[in-house]
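Novice: just need the structure, nothing else, for what follows:
(chains A and B)
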Number of protein chains: 2
Amino acid sequence: MRIALAQLNIHIGNFEGNVRKMLDAIETARAQRADLICFSELATCGYPPRDFLEFSDFIAQAEKAISILATAARGIAIVVGSPSPNPVPEGKDLFNSAYFLSEGTVKHITHKTLLPTYDIFDEDRYFEPGNSFSVVEFKGTRIAVTVCEDIWNINNENPLYAVCPLDELMPQQPDLILNLSASPFDTHHAAHRREILAANALRYELPIVYVNHVGAQTELIFDGGSMVMGSDGQLKAELPFFQEHIETFDIQKLNEGEEVKSREGTPISRVHDALILGVRDYFRKLGLSRAIVGLSGGIDSAVVAVLAARALGPENLRVVLLPSPFSSDHSIHDALQLADNLGIRHDILSISETYETILKSLHPLFENQPFGLAEENIQARIRGLLLMAISNKFGPILLNTTNKSEMAVGYGTLYGDMCGGLSVIGDVYKTDVYRLATYMNAELSIIPSNILSKPPSAELRPDQKDIDSLPPYDILDAILFEYIENRKGPSEIATLGFDPALIQRVLKLVNTNEFKRYQAAPVLRVSSKAFGMGRRMPIVGKYLS
Amino acid sequence: MRIALAQLNIHIGNFEGNVRKMLDAIETARAQRADLICFSELATCGYPPRDFLEFSDFIAQAEKAISILATAARGIAIVVGSPSPNPVPEGKDLFNSAYFLSEGTVKHITHKTLLPTYDIFDEDRYFEPGNSFSVVEFKGTRIAVTVCEDIWNINNENPLYAVCPLDELMPQQPDLILNLSASPFDTHHAAHRREILAANALRYELPIVYVNHVGAQTELIFDGGSMVMGSDGQLKAELPFFQEHIETFDIQKLNEGEEVKSREGTPISRVHDALILGVRDYFRKLGLSRAIVGLSGGIDSAVVAVLAARALGPENLRVVLLPSPFSSDHSIHDALQLADNLGIRHDILSISETYETILKSLHPLFENQPFGLAEENIQARIRGLLLMAISNKFGPILLNTTNKSEMAVGYGTLYGDMCGGLSVIGDVYKTDVYRLATYMNAELSIIPSNILSKPPSAELRPDQKDIDSLPPYDILDAILFEYIENRKGPSEIATLGFDPALIQRVLKLVNTNEFKRYQAAPVLRVSSKAFGMGRRMPIVGKYLS
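Specialist: Purely as a prediction, here's the structure:
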């Protein structure tokens, strides 16, 4: 059996574009003499379609896409993910299904059984779980078709689920497991995924063909890395990460062949590549091409500028330096050096005069008040205003440069430096921003070394340093990681050796700044727990606050 | 059996405060000679606790609250909602439970069976459904304890569910149904709730004691209106809406007594009262008291100012007029008149000089560019900046004044008039904002009549009117309602007689402005489909856009 793995960059709701792309892939697969081509989960409509699934018009378009693809299934079979209507009134209206199309018709539909409903996943909101199990016989091969999470309950040991779909399918003696996925990237997910596939392969002594989605859908990045796992639990073929790819394999031959090594790279290289794909797809899928970044001379905006230049091309990025009376000379110098290294357009707009005019307007109310947070925020907001004005006038989209440590503790100005259409590094802790910068500089020193070596500062008052109001970032990030990623409470974190008073202070900052994060830009997700759709917190509450 | 209905305003995560409040209520119930006191769903921790439920520390605090309450259950039984740990590894870690506490111990725990997972509800994310059913016998009365949604599947006709908990309980011949709820307000929900209770009562020929949560939790408003429904399907007692109340009834006597009329008021009065509670609780539960509103002279900011003055007291509200070169004299005059009517502090800050200074700063980039959207947005953003500066300096929280029609079509400036900690009328269509103003003016003309009669305008360029870029609001709102609340697609809306080209234009505006709503303030929910947590849409997509 020759199977084409079609790892495509699908666009949510763009049925016409998605179908066209799939028809092209089918032609490629035919040329590669494939018997069958497999697409990813919900490939007709994109993943995750979210509440679009509640519109019957949207479902009708997905069904239309399936009938077009069915017509193309001549001489080649097609397996493709799409929502399918639940024919009975009981339960949710839809299944998350894999259609098996052959000889112009729908030969079989498999419904996803295990519906992830945690973190960024909301599948119980939309889908009814499948509850019948049957293999599909095609050209003498018995195929166990599964959808994503269905293979993540090995030996029924995943406490979230009570059913193991592959256990149910085994009495029908399949020859091969097929899995259609839309498995979002996080730094360590690719290795986890290979382990799960290997464990399934060994348990059932069957090869697994795994087709993952590639591409970003707003905050979620899908990394591809589709693969064939041998029945011996060894990786037999792997498609590239972060790019589209169609490749046909003779599965039986491959299964008997040599192990290949994964090309997934290092953790920091993966984050780098994921963020570039995230930025690129945000723009491309919105029909946009140009970005603008406010360059402060600090490390966050430097890293975002490099990522944006790599994602969109230096010709599509412009940066603006917005010095205030508190900006240091080295900041301007470092920012200019970076713009020069990147070969991008820069402008310099001083905010001093506007700042003075605003203070003058407010003088009747502010007189006799000491300089404070209000004045700091005014500066950040003038910068946001000027960047948005250029965005509105000439069209480039403002990229946000807030990092995860700042987002966590609310060290940023709402409507100021928190402006932007997309948060590029809002899921990257400050200590990892440095790692990312070092990685970027590995071959060629693109980010001036001074940006990496000077102490972080918001430069909103004379001689201000982050360290004046925050603990050192290595300690802060470690506490944040235990609270956010590991969901540990204060006493559990204290057992790791951190000062209880500091823990309390940090957790309180996180919880009381939920109101700021609510209005933050969508954050490209690269960790197992990013701010945004995967972390749902009350704003008005009184817990650790 | 004398049962005290304890309709309390619970605060998410404030275990100490919630327990203290419940202990006080128990004393009140004792004084009213109650045999049993019933609190609402998840009353220990507040509803919805969202991802706080994933912290074992949070669950431990809820369990501690239960043991304190159990100790107080002497001479009176207590029924109270709280999360309870799932003792087996399979399934989610928690149940959404009702604890029956008596004589110092936990006598019984009932787990919620029907877990709403739609709109604003995420219960499948956290909870395992209950699957065993037993009545609690107390003082010779057999009580069927149920939690919220459990009574919303009459005759198993709700297509979302496969089980009807009351059908399961009936073989045990209960004498009485108890329901603990946290049922969020929308304009028509109270009537719907009474119908459901009446249908259950008639079906099982049993009285129902229904205890609802009251109070707002960020965007969700719980309206109270707890009640006793007679076994004849007639309302026998009703607690007030939108306020705390504890009242004890002899259920049997009440069941044989007369019907009472609901005091729920008119739809617009309910929205008015709900929004006041929503604003008041947002401030009170965050430990804040003072608000600021930018007053434009238009209807939206006028209505928000009246609501805020009523919620917080006029002494806690200040307004700022921020005229630009494009502001009309009548706008300033009308706004001043309103401030005067409300007896609130006002300030006037012209934005003209700041606007000129900013245009001057941008001149090197903007020269030879015609006046356009960028210049309009600059004005809106200067206003946002000045209001936030006053907020930062003196502490009042900025209230957002965007209405639902504007939010829907993106007719507002991100980081400008979209600023604010809470969106007060973001779930009220423009046509309903007028109805609300008329209702407010019924007794005393608080909003100057000119504000109600003049055509809506953003006043960001000479002689601008909303109607220049938007369809008339009655048509716009009708189309939006079909798309947003009724989730109809373009062809379904067209069958209602609207122009297909206009429908397409409006739906495209809604979908392409998802990026703005993502960064909007949390919206007080008063409809069955509000923007925010109950409507989850991709930003990057290509559907009707």
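Novice: if you drop the residues flanking it in sequence, what lies closest to A:Ala216?
Specialist: When the adjacent residues along the chain are set aside, A:Ala216 lies closest to A:Asp281, with 3.7 Å between them (C-beta to C-beta, 6 or more residues apart in numbering or on different chains). (Each C-beta comes from the backbone N, C-alpha and C, glycine too.)
Novice: quick one: residues contacting the one you found.
Specialist: Applying C-beta atoms under 8 Å, 6 or more residues apart in numbering or on different chains, we find A:Asp281 in contact with A:Asn9, A:Gly215, A:Ala216, A:Gln217, A:Ile221, B:Val540.
Novice: pLDDT of the helix or strand where it lies, averaged?
Specialist: According to DSSP states H and E, A:Asp281 maps onto helix A:267-285. Mean pLDDT, computed over helix A:267-285, is 98.
Novice: got it, and stretch A:368-383?
Specialist: Here the average pLDDT along stretch A:368-383 is 97.
Novice: that one close to chain B?
Specialist: Yes - counting by C-beta under 8 Å from any C-beta of the partner chain, chain B has neighbours in stretch A:368-383: A:Gln369, A:Gly372, A:Leu373, A:Ala374, A:Asn377, A:Ile378, A:Arg381, A:Ile382.
Novice: was I right to think the second one contacts B:Phe394?
Specialist: No - with contact defined as C-beta atoms under 8 Å, A:Gly372 does not reach B:Phe394; the gap is 10.8 Å.
Novice: ranges for the helices of the stretch 101-250 of chain A?
Specialist: Counting by DSSP state H, counting those that start in this stretch, the stretch 101-250 of chain A has helices at residues A:123-126, A:165-169, A:189-204.
Novice: what's the longest one in contact with?
Specialist: I take that to be helix A:189-204. Residues contacting helix A:189-204 (C-beta under 8 Å, 6+ apart): A:151-152, A:154-155, A:166, A:170, A:174, A:177, A:179, A:183, A:207-208, A:210, A:223, A:225, A:227, A:229-235, A:241, A:262, A:264, A:270, A:528.
Novice: between helix A:267-285 and that helix, find me the angle.
Specialist: 100 degrees (axes from the mean of the first three to the mean of the last three C-alpha atoms, to 10 degrees).
Novice: list the buried residues for helix A:189-204?
Specialist: Using 16 or more other C-beta atoms under 10 Å in any protein chain shown as the test for burial, helix A:189-204 gives A:His189, A:Ala190, A:Arg193, A:Arg194, A:Ile196, A:Leu197, A:Ala198, A:Ala199, A:Asn200, A:Ala201, A:Leu202, A:Tyr204.
Novice: out of those residues, which is nearest to B:Ala43?
Specialist: In terms of C-beta to C-beta, no member of those lies closer to B:Ala43 than A:His189, at 38.6 Å.
Novice: report pLDDT for that closest one.
Specialist: 94.
Novice: can you check the one 10 residues further on too?
Specialist: At A:Ala199 the predicted local confidence, pLDDT, stands at 97.
Novice: ok, now A:Glu459?
Specialist: pLDDT, A:Glu459: 89.
Novice: against B:Gly489, how distant is the closest residue to chain B within the stretch 51-200 of chain A?
Specialist: Shortest the stretch 51-200 of chain A-to-chain B distance, computed as C-beta to the nearest C-beta: residue-wise this is A:Asp57, at 2.7 Å. Separation of A:Asp57 from B:Gly489 (C-beta to C-beta, to the nearest Å): 3 Å.
Novice: which one's more surrounded, these two?
Specialist: Each of A:Asp57 and B:Gly489 has its neighbours counted (other C-beta atoms under 10 Å in any protein chain shown); B:Gly489 has more, 20 against 17.
Novice: walk me through the domains of chain A.
Specialist: As given by automatic domain parsing, the domain ranges for chain A are A:2-264, A:271-465.
Novice: hmm, back to that, any idea how far the helix or strand containing the residue of the stretch 51-200 of chain A closest to chain B is from the chain center?
Specialist: Secondary structure from DSSP H and E places A:Asp57 in helix A:56-72. Centroid displacement of helix A:56-72 relative to its chain, using C-alpha atoms, centre = their mean, to the nearest Å, is 27 Å.
Novice: and for stretch A:240-249?
Specialist: 19 Å.
Novice: do stretch A:51-68 as well
Specialist: For stretch A:51-68, the distance to the chain centre is 25 Å (C-alpha atoms, centre = their mean).
Novice: one more: stretch A:195-212?
Specialist: 24 Å.
Novice: again with stretch A:532-544
Specialist: With C-alpha atoms, centre = their mean, you get 21 Å for stretch A:532-544.
Novice: one more: stretch A:323-339?
Specialist: Using C-alpha atoms, centre = their mean, the offset of stretch A:323-339 from its chain centre is 32 Å.
Novice: picking up where we left off before, need the domains of chain A in TSV with distance to B:Ala521, can you?
Specialist: Listed next are these as TSV, based on distance: least, C-beta to C-beta, whole Å:
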stretch	distance to B:Ala521
domain A:2-264	20
domain A:271-465	10
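Novice: can you get me a residue count around A:Asn368?
Specialist: 4.
Novice: can you tell me the SS state at it?
Specialist: coil (DSSP: H, G, I helix; E, B strand; the rest coil).
Novice: what about A:His330, how many neighbours?
Specialist: Neighbour number of A:His330 under other C-beta under 10 Å is 14.
Novice: and the strands in the stretch 401-545 of chain A?
Specialist: A:422-423 (DSSP state E, counting those that start in this stretch).
Novice: over to the stretch 1-150 of chain A?
Specialist: With DSSP E, counting those that start in this stretch as the criterion, the stretch 1-150 of chain A has strands spanning A:2-7, A:36-38, A:77-85, A:94-102, A:105-111, A:136-138, A:141-147.
Novice: which one of these is the most hemmed in?
Specialist: Most buried of those by mean neighbour count (mean count of other C-beta atoms under 10 Å in any protein chain shown) is strand A:36-38; its value is a mean of 28.
Novice: excluding its backbone neighbours, what's nearest the residue of the stretch 351-500 of chain A found nearest chain B?
Specialist: Relative to chain B, the nearest point of the stretch 351-500 of chain A is A:Gly489 (2.7 Å; C-beta to the nearest C-beta). Once flanking residues are discounted, A:Gly489 sits nearest to B:Asp57: 2.7 Å by C-beta to C-beta, 6+ apart.
Novice: please name the residues that touch that neighbour.
Specialist: A:Gly489, A:Pro490, A:Ser491, A:Glu492.
Novice: so the first one touches B:Ser56, yeah?
Specialist: Yes - shown here, A:Gly489 and B:Ser56 form a contact pair, counting by C-beta under 8 Å, at 6.4 Å.
Novice: redo the residues of stretch A:368-383 next to chain B as a markdown table? Include secondary structure.
Specialist: Putting the residues of stretch A:368-383 next to chain B into a markdown table (three-state DSSP) gives the following:
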| residue | secondary structure |
| --- | --- |
| A:Gln369 | coil |
| A:Gly372 | coil |
| A:Leu373 | helix |
| A:Ala374 | helix |
| A:Asn377 | helix |
| A:Ile378 | helix |
| A:Arg381 | helix |
| A:Ile382 | helix |
